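> quick one, structure for this:
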Amino acid sequence: MNRIFANLLLCFTMLAATVSAKTYQLSFAGQAMAFSLRIYCNTEGKGAFVRYNGQKDFMALRLRKFTTSVLTNTNKQPEGYYYEWNELLNGKVSGRYAVVEQSGKVTDAWYVRNKDGRRFNFTGVVNDASIDDVQKYLLHGVLITFAWNSLEDQFMFTYPDGKVTTPNFISLDAPDKTRSCYIKDYNFDGYDDLGFSLPDAGMGVYQTFNIWLYNPATKRFQRLQESQDTHAKCSCLCDVTVNAKRKLLYTACRGGAHWWQDVYRIDKNNRLVWLRSAERE
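Next up is the predicted model:
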């Protein structure tokens, strides 16, 4: 284990407050060969895939390890990241990648090829998403393309069978707003889903969500519809959080001088079922 990774493990670990996209540009320069590649993922290492420069095809990466750490900053945001992924070729593990990022720089990166155990050590840089970038993730074999800028509504699912869909997307007339993307299991069926959020169009005090649930039977994403229950205090999917242990989904919003929280479960048809609402302190 290299010293940088050991130091990362000793640090206090935490999740990033804002889930954003990353692209790692990595290069190998050996005596007999040289090549370069890009790894795409979010800050939690999910939705990852690798594409070698000069090749059109890409390979899925399955997250093995993820660690974040606070190193020197005062706002408790992660400055150190360690990712390790399995490379999947035709559904089988063909190799393993790892990237160590510290203070916005790649400090270590490598690939181990399964067939002969050869290790390739990379040099590289990290590119965090900017407001003008179009982002890409790979989830369940589906290539997901979306605009980071709140003014844009570009959003696309490209499925393994070649089918392409372009669902409606939240957009706000606010050039300084950026879209957050979340990959997590919102309906607790064992398959990661996809969520996007933007600040609400009013005072911007909470996040408005769009959520797409992955259906393993149809191998398609379908949008989670907002609740129409008149008992709910929030009319939108706002500040969505999940309780995986109790399999509950929470939304929260402000109405007048009060904050409210709605509690739902999701039925077998992926519909929200209202359970209760309460004022949130």
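> contact partners of stretch 160-170?
141-142, 146-147, 153-159, 179, 196, 198, 208, 210, 212, 219, 223 (CB atoms under 8 Å, 6 or more residues apart in numbering). C-betas here are computed from N, CA, C, even on glycine.
> out of those residues, which sit inside helices?
Residues of the contacts of stretch 160-170 located in helices (DSSP state H): none.
> just the buried ones from the residues you listed, in PyMOL syntax?
With 16 or more other CB atoms under 10 Å as the criterion, this PyMOL line picks the buried residues out of these:
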select buried, resi 142+146+147+155+156+157+158+179+196+198+208+210+212
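> where does the stretch 51-200 of the chain dip in pLDDT?
For the stretch 51-200 of the chain, the stretches flagged by pLDDT under 70 are 70-78, 128-132, 173-175.
> what about residue 222, distance to residue 152?
Computed as CB to CB, to the nearest Å, the residue 222 to residue 152 distance reads 23 Å.
> ok, back up a step: can you flag which of the contacts of stretch 160-170 belong to strands?
142, 146-147, 155-158, 196, 198, 208, 210, 212, 223 (DSSP state E).
> make a markdown table from those residues and add distance to residue 82 to it.
Putting the ones in strands among the contacts of stretch 160-170 into a markdown table (distance: CB to CB, whole Å) gives the following:
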| residue | distance to residue 82 |
| --- | --- |
| 142 | 26 |
| 146 | 26 |
| 147 | 29 |
| 155 | 31 |
| 156 | 31 |
| 157 | 30 |
| 158 | 30 |
| 196 | 26 |
| 198 | 30 |
| 208 | 33 |
| 210 | 31 |
| 212 | 29 |
| 223 | 34 |
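> and the residues you listed, which two are the farthest apart?
Across these, no pair lies farther apart than 158 and 208, at 25.5 Å, counting by CB to CB.
> burial count for residue 272?
21 (other CB atoms under 10 Å).
> ok, so of the ones in strands among the contacts of stretch 160-170, who is nearest residue 267?
Once CB to CB is applied, the member of the ones in strands among the contacts of stretch 160-170 that ends up nearest residue 267 is residue 223, at 15.7 Å.
> between the ones in strands among the contacts of stretch 160-170, which is nearest residue 263?
Of these, the one sitting nearest to residue 263 (CB to CB) turns out to be residue 208, at 18.5 Å.
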